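Colleague: Compute the structure for the input listed below.
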Amino acid sequence: MHCHGRDSKPGGEFRFDFFDTSKCGEGLPAVSGTASGYASLIGLDVEPQAGGNRPRMPPIPASLLEDWQVETIQRWSKRIADGNVEEARGERKNNRNPRIRITSKLPARVGNSLRVSFVVEDSDGDPVIGHLKLGEAKADITGAGAGTVSLENITGNAGDELTFTAELCDGWARVTRGNLGKVEKE
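Modeller: Below is the predicted model of the structure:
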């Protein structure tokens, strides 16, 4: 998790803490390296490569994985590669859906863009992907925590009221929050 968890940078494209974006459906930002995206490759990375005496992962100076860790990753990878996603995924009970708070006050009128501060909370500690949307303008958010995004190219006619919504997914469930506020297009 040091290299492949929510807060890591080097291995951030291969996330072990976000299992499956298929639960999130279409239209949400992709998290590359989710289970279905790279499980069939990970087994190669933890075994010595042809002609080499060290696996590709973990890289130096990290110490090598223990045999039981390699075996766990290989079993998980094989289940995914064989199409046994549910078996590899395991059962998740009592998942708590992510929530979002908008911390900046929405203006009464907007021009072409809007800067929005937000907080994403998931009491399970699951990572979250999603986006904020105002009219047709959309900004992606990734990870739980706080941030600021800019909604660009907001379209609409004078006098339009644009509903501000959030769509979030924690890899187990997708939630849509509407009624975060309405902004009149100027």
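
Colleague: all strands for the chain, in order.
Modeller: 99-102, 109-110, 113-121, 129-134, 137-142, 145-152, 161-169, 174-177, 182-185 (DSSP state E).

Colleague: and among the ones you listed, the most buried is which?
Modeller: By mean neighbour count, with neighbours taken as mean count of other C-beta atoms under 10 Å, strand 129-134 ranks first of the strands of the chain at a mean of 23. (Glycine included, C-beta is placed from N, CA and C.)

Colleague: what is the orientation angle of that one with strand 145-152?
Modeller: On the basis of axes from the mean of the first three to the mean of the last three C-alpha atoms, to 10 degrees, strand 129-134 is oriented at 40 degrees to strand 145-152.

Colleague: Just give me the residue right at the centre of this protein.
Modeller: Nearest residue to the geometric centre of the chain (C-alpha atoms, centre = their mean): Ile129, 3.4 Å.

Colleague: about what we covered before: list just the one of the strands of the chain that sits closest to Gly51.
Modeller: Minimum separation from Gly51 across those (C-beta to C-beta) falls at strand 137-142, 37.1 Å.

Colleague: so Val70 makes contact with Val46?
Modeller: Yes. Applying C-beta atoms under 8 Å as the test, Val70 and Val46 come out as touching, 4.9 Å apart.

Colleague: if you count what's nearby, which of those two comes out ahead?
Modeller: More neighbours surround Val46 than the other of Val70 and Val46, with 19 against 16 (other C-beta atoms under 10 Å).

Colleague: Sketch out the low-pLDDT regions of this structure for me.
Modeller: Along the chain, segments meeting pLDDT under 70 span 1, 5-23, 25-27, 29-41, 43, 80-81, 83-93, 143-144.
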